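Q: Attaching a predicted model along with its sequence, questions to come.
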Amino acid sequence: MLQNMHIKNIALIDEIDVEFEDGLNILTGETGAGKSIIIGSLGICLGGKFNKELLRDSDSDGLVELTFFVNQEHIKDKLLEFEIPFSDGELVISRRLSSSGRTVNRVNDTTVTTARLKEIAALLIDLHAQHEQQTLLKADKHLAILDHFGGNDIADKKALVRALYTEYTDIKKELETNSMDEAEKNKRMDFLDYQIKEIKASDLKTGEDEALENSYKKALNSKEILSIMDEIYSMTGYDNNDSVGEIIGHLVQQLARASEMDEDLRGSYDMLQDIDGMLNDFNREISHYMEDMTFDEQSFSEIEDRLNLINSLKLKYGRTIEDILHTCDEYEEEYNKLVSYDEYRTELKKKLKLIEEKLDMASFKFTESRKSAAQKLTEMLKASLMELNFMTVMFEMKFEQNDHYTANGRDIAYFMISTNVGEPMRPLYEVASGGELSRVMLALKSSLAYEDDTPTLVFDEIDVGISGRTAQKVAEKMAVISKNHQVICITHLPQIAAMADTHYIIEKNVENNKTISSIKRLSDEEEVVEIARLLGGVEITDNTIANAREMKGLAERTKIY
């Protein structure tokens with residue numbers, strides 16, 4: 001469950017800490033007090049957008065940090081799989097946005113990507129943001145809801161269908177790409193034959209272009225190189241009185257005489273002798289280099305022609321010799337296919353038929369699993385909707401079939417509903433009102449949470465469009481859900497607020513000429529006053545307080561049963 005939320009420097013929030021409890025946590029407050037900022041910050045820490053515009057002070061960092069207590073084994077296993085250090089049941093998720101715009105995501109002090117953060121967060125908390133129920137008006141979302149409910153069985157079958165569909169489309173594409181008449185085939189074979197022969201006739205060797213370029217560069221600059229080397233040979237030799245060799249030779253003789261007179265100079269003499277020997281070797285190497293270096297016009301021309309050939313092949317077949325040889329292999333493979341073109345196409349068609357049969361069977365089994373999951377889901381939803389003051393309700397999922405395969409199977413499926421006796425079932429996205437959508441979404445969230453054991457559910461104004469007896473039924477449903485899950489709910493309805501196990505109020509105040517949002521946990525008496533505010537509006541009378549106290553007492557008795 002979510003134990004603590006820490007927010008710093010976000011919108012109207014300077015810095016707050018909220019300690020959440022097990023059961024039903026209710027958040028209330030005046031419009032504009034900052035409730036949306038609290039939920040928005042929660043969404044940020046679960047991987048939502050985190051922009052600089054959200055920073056209260058643009059020169060300071062923004063921070064949202066959530067502390068969870070985790071005791072579910074499947075979540076622990078996933079954390080182990082994600083290589084997240086974890087002990088004593090505590091898990092801390094944090095996102096920090098610097099004033100420079102850089103976001104850092106951490107889970108238990110391990111830096112993670114936003115994608116990984118979202119994966120981990122999805123295990124811990126399900127956030128229902130404002131107007132999320134509008135997704136129920138999009139028929140294509142219904143199948144995704146069903147697949148989520150279906151869990152691993154659906155996921156496994158979906159993965160198989162996706163893999164088979166990829167193979168199926170690859171073979172179809174290959175057949176379509178390699179579709180030609182006899183004349184086209186012969187023309188293509190002639191062209192491939194010419195290209196293969198051109199590459200093979202060049203007898204390319206890996207790395208020879210680099211060696212040729214070095215030789216070409218050397219030959220092209222041979223005169224200048226010889227001039228430089230001749231100068232170096234002359235200056236380091238022993239033929240001129242002012243050459244380095246002659247000077248060092250003289251110094252060796254002088255130092256030899258001095259070392260005979262002072263043994264301490266013996267080491268210096270040995271070093272100078274080594275230098276003289278090394279210089280002599282160097283000079284000899286230079287001499288050999290100049291003797292071996294000859295400019296051959298014919299060799300130069302051959303190198304130039306070879307390089308021109310290689311470069312022309314690179315323009316046609318690849319940037320490197322390796323690319324050219326690889327291209328030649330591909331041409332040969334294609335040529336060999338065309339040699340036995342009819343057999344090749346026949347084999348492809350056999351493969352396509354076989355994979356189509358597999359895909360058809362996998363899609364059929366996928367549909368059957370979806371229908372089975374849909375029956376279970378709709379039965380759960382129907383029961384939940386009856387609890388949410390739908391007096392008579394029919395709820396099903398209608399399945400239709402695409403006339404073609406897709407990576408998501410062949411199903412077109414959407415929810416059907418009837419809320420009145422004698423009224424035919426119609427698509428949910430055509431008939432549901434705002435209040436009905438809110439209750440359907442609440443029923444869905446509770447069903448999904450039951451199936452995947454999500455520890456914490458967050459509802460931001462799930463009560464839109466409902467009032468009276470329906471509001472009471474929604475409140476009772478919240479109380480039931482909170483027996484097995486931690487629930488955090490923002491509401492404007494006194495019926496739901498009265499069901500709180502823990503009640504918080506969000507307020508907006510002016511401090512030092514700045515508007516600041518804050519949140520505090522209410523005492524029992526403060527909670528009664530807040531429920532009275534929700535009941536009575538601006539003026540809170542003794543009767544309103546009495547009504548609020550009675551509503552709280554009735555809620556407590558309801559929760560016992």
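A: Good, I have the coordinates.
Q: Longest helix in the protein, by number of residues?
A: helix 341-387 (DSSP state H).
Q: Give the residue farthest from the middle of the protein.
A: Distance from the centre of the chain peaks at M261, with 81.3 Å (CA atoms, centre = their mean).
Q: Please give the centre-to-centre distance between the longest helix of the chain and its chain.
A: Relative to its parent chain, helix 341-387 has a centroid offset of 28 Å by CA atoms, centre = their mean, to the nearest Å.
Q: What sits closest to G245 if chain neighbours are left out?
A: Nearest residue to G245, sequence neighbours excluded (CB to CB, 6 or more residues apart in numbering): Y238, at 4.0 Å. Using the backbone N, CA and C atoms, a C-beta is placed for each residue, glycine as well.
Q: Check the gap between that neighbour and H288 for me.
A: 16 Å (CB to CB, to the nearest Å).
Q: still on that earlier bit, starting from the longest helix of the chain, tell me the next helix or strand along the chain.
A: Toward the C-terminus, helix 341-387 is succeeded by strand 394-401 as the next helix or strand (DSSP states H and E).
Q: Next, the angle from the helix or strand following that following strand to strand 394-401.
A: Moving toward the C-terminus from strand 394-401, the next helix or strand (DSSP H and E) is strand 411-418. Orientation of strand 411-418 against strand 394-401 (axes from the mean of the first three to the mean of the last three CA atoms, to 10 degrees) gives an angle of 160 degrees.
Q: Strand 411-418: which residues count as buried?
A: D411, A413, Y414, F415, M416, I417, S418 (16 or more other CB atoms under 10 Å).
Q: Nearest to N280 among those residues?
A: Relative to N280, the closest of those is D411; by CB to CB it sits at 88.7 Å.
Q: Touching, that closest one and H142? I think so.
A: No: the pair D411 and H142 fails to qualify as a contact (CB atoms under 8 Å) at a distance of 10.4 Å.
Q: For K559, give me its contacts.
A: Taking CB atoms under 8 Å, 6 or more residues apart in numbering as the contact definition, K559 lies against A479, M499.
Q: wait, is it part of a strand?
A: No: counting by DSSP: H, G, I helix; E, B strand; the rest coil, one finds K559 to be helix, located in no strand.
Q: Quick check: which ranges of the protein have low pLDDT?
A: Within the chain, the ranges that satisfy pLDDT under 70 run 130-133, 221, 223, 294-296, 432, 452, 537-538, 560-561.
Q: Show me the residue sitting in the middle of it in space.
A: The residue lying closest to the centre of the chain (CA atoms, centre = their mean) is A115, at 3.6 Å.
Q: And it, how far from G47?
A: On the measure of CB to CB, A115 and G47 end up 8 Å apart.
Q: How about I324?
A: Taken as CB to CB, the span from I324 to G47 is 47 Å.
Q: circling back to that earlier point, which positions within whatever helix or strand the residue nearest to the centre of the chain lives in qualify as buried?
A: Assigned by DSSP H and E, A115 belongs to helix 114-124. For helix 114-124, burial by neighbour count (16+ other CB under 10 Å) applies to R116, L117, I120, A121, L123, L124.
Q: rewinding a little: so for Y238 and H288, which sits in the more crowded spot?
A: Y238 (16 against 9; other CB atoms under 10 Å).
Q: rewinding a little: so the residue nearest to G245 touches V244, yeah?
A: No: judged on CB under 8 Å, Y238 makes no contact with V244 at a distance of 9.1 Å.
Q: For the stretch 401-550 of the chain, which segments are assigned as helices?
A: 428-431, 434-452, 468-481, 494-498, 524-536, 542-560 (DSSP state H, counting those that start in this stretch).
Q: can you count the residues close to Y168?
A: A count of nearby residues for Y168, using other CB under 10 Å, gives 20.
Q: who touches it in this structure?
A: By CB under 8 Å, 6+ apart, the neighbours of Y168 are L352, I355, E356, L359, Y405.
Q: how near is the third one to E368?
A: Meaning E356. E356 is 19 Å from E368, where distance means CB to CB.
Q: Comparing the two, which shows the higher neighbour count?
A: Comparing E356 with E368 by other CB under 10 Å, the one with more neighbours is E356, at 15 against 11.
Q: Who are the packing partners of the longest helix of the chain?
A: Applying 3 or more CB pairs under 8 Å, 6 or more residues apart in numbering; DSSP states H and E, one finds that helix 341-387 makes contact with helix 139-177, strand 394-401, strand 411-418, helix 434-452, helix 468-481.
Q: wait, which of those is closest to Q195?
A: Of all the helices and strands packed on helix 341-387, it is helix 139-177 that lies closest to Q195, at 18.3 Å by CB to CB.
Q: roughly how far out does the next helix or strand after the closest one sit from the chain middle?
A: Using DSSP H and E, the helix or strand that follows helix 139-177 in sequence is helix 182-201. What separates the centre of helix 182-201 from the centre of its chain is 45 Å, taken as CA atoms, centre = their mean.
Q: ditto for stretch 382-393
A: Distance of stretch 382-393 from the chain centroid (CA atoms, centre = their mean) equals 39 Å.
Q: do stretch 493-513 as well
A: Distance, stretch centre to chain centre, for stretch 493-513: 36 Å (CA atoms, centre = their mean).
Q: what's the span of that stretch, first residue to last?
A: Stretch 493-513 has an end-to-end distance of 32 Å (criterion: CA to CA, to the nearest Å).
Q: same thing with stretch 383-397?
A: With CA to CA as the measure, the first residue of stretch 383-397 is 15 Å from its last.
Q: Just after whichever strand or helix holds G43, pick out the following helix or strand.
A: For G43, the element it lies in under DSSP H and E is helix 35-45. Next helix or strand after helix 35-45 toward the C-terminus (DSSP H and E): strand 62-69.
Q: Would you indicate which residues of that following strand are buried?
A: For strand 62-69, by 16+ other CB under 10 Å, it's G62, L63, V64, E65, L66, T67, F68.
Q: Following element in sequence after that strand, please.
A: Downstream of strand 62-69 (by DSSP H and E), the next one is helix 73-81.
Q: List the contacts of that following helix.
A: With CB under 8 Å, 6+ apart as the contact definition, helix 73-81 has outside contacts at V70, F86, L91, I120, L123, L124, D453, P455.
Q: Once you drop chain neighbours, what's closest to L136?
A: For L136, the spatially nearest residue (CB to CB, 6+ apart) is L437, at 5.5 Å.
Q: That neighbour reaches T135, doesn't it?
A: No: with contact defined as CB under 8 Å, L437 and T135 do not form a contacting pair (9.4 Å).
Q: Grab the nearest non-local neighbour of K371.
A: Leaving out its chain neighbours, the residue that sits closest to K371 by CB to CB, 6+ apart is F399, at 6.2 Å.
Q: What about Y289, how many residues nearby?
A: 14.
Q: to the chain's geometric centre, what's the distance from the helix or strand harbouring it?
A: In this assignment (DSSP H and E), Y289 forms part of helix 266-292. How far helix 266-292 lies from its chain's middle: 64 Å, per CA atoms, centre = their mean.
Q: Can you list the neighbours in contact with the helix or strand just after that helix?
A: The C-terminal neighbour of helix 266-292 among helices and strands, as given by DSSP H and E, is helix 297-317. Helix 297-317 is contacted from outside by 195, 198-199, 202, 204, 208-209, 212-213, 215-216, 219-220, 320-321, 323-324, 327-328, using CB under 8 Å, 6+ apart.
Q: can you rerun that using 7 Å?
A: With contacts defined as CB atoms under 7 Å, 6 or more residues apart in numbering, helix 297-317 is touched by I199, S202, D209, L212, E213, S215, Y216, A219, D323, I324, T327.
Q: before we move on, back to that, give me the distance between the residue nearest to K371 and R370.
A: From F399 to R370 the distance is 7 Å (CB to CB).
Q: now do L175
A: With CB to CB as the criterion, L175 and R370 are 30 Å apart.
Q: In terms of neighbours, single out the busier of those two.
A: Neighbours were counted for L175 and for R370 using other CB under 10 Å; R370 has more, 25 against 14.
Q: how far away is that one from V431?
A: Per CB to CB, R370 is found 23 Å from V431.
Q: got it, and V18?
A: Taken as CB to CB, the span from V18 to V431 is 39 Å.
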